[in-house]
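J.: predicted coordinates and the sequence they were generated for:
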Amino acid sequence: MKCIYCGSDMQLGGIVTQGVSAMWFPQENLQKPHFFKIVFEGGISVGKNDYLWGQTLLTDAYYCKKCKKVIGIFDA
């Protein structure tokens, strides 16, 4: 895959979270005042959760070494 920012080749990999699920939230939920960010609402779990090990795996993540960006297409 080519980087959409600089056009360089990107390396295919994945993202692993430890201890919490990876969640997607609407932009308006992320712009709440700091006090209300303790509890986010309206999130969608992303990736494959392994509750036994406390990990979430997000495959199909591409990394650009040149501009240090990660771009991914993740299943919800």
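T.: That came through, no problem.
J.: quick one, phi/psi of Q27?
T.: Dihedral pair for Q27: phi -50, psi -40, per degrees, to the nearest 10.
J.: surely I15 and Q55 touch.
T.: No. Taking contacts as Cβ atoms under 8 Å, I15 lies outside contact range of Q55: 10.5 Å. Every residue, glycine included, has its C-beta placed from N, CA and C.
J.: contact partners for the nearest residue to T17 once chain neighbours are set aside?
T.: Sequence neighbours aside, T56 is the residue nearest to T17 in space, at 4.4 Å (criterion: Cβ to Cβ, 6 or more residues apart in numbering). With contacts taken as Cβ atoms under 8 Å, 6 or more residues apart in numbering, T56 has the following neighbours: 16-17, 20-22, 45-50.
J.: local confidence estimate at T56?
T.: T56 carries a pLDDT score of 88 in this model.
J.: same question, F40
T.: Residue-level confidence at F40 comes out at 66, pLDDT.
J.: pull the helix or strand with minimum mean pLDDT from the chain.
T.: Here the helix or strand of the chain ranked lowest by mean pLDDT, DSSP states H and E is helix 27-30, holding a mean of 77.
J.: buried ones in stretch 13-26?
T.: For stretch 13-26, the buried set under the neighbour-count rule, 16 or more other Cβ atoms under 10 Å, comprises 15, 17, 22.
J.: bridging residues for the first one?
T.: By that I understand I15. Under the criterion DSSP bridges, I15 forms beta bridges with L58.
J.: can you check D9 too?
T.: On the basis of DSSP bridges, D9 is bridged to K2.
J.: what does stretch 61-76 rub up against?
T.: 1, 3-6, 8, 10-15, 22, 24, 44-47, 58-60.
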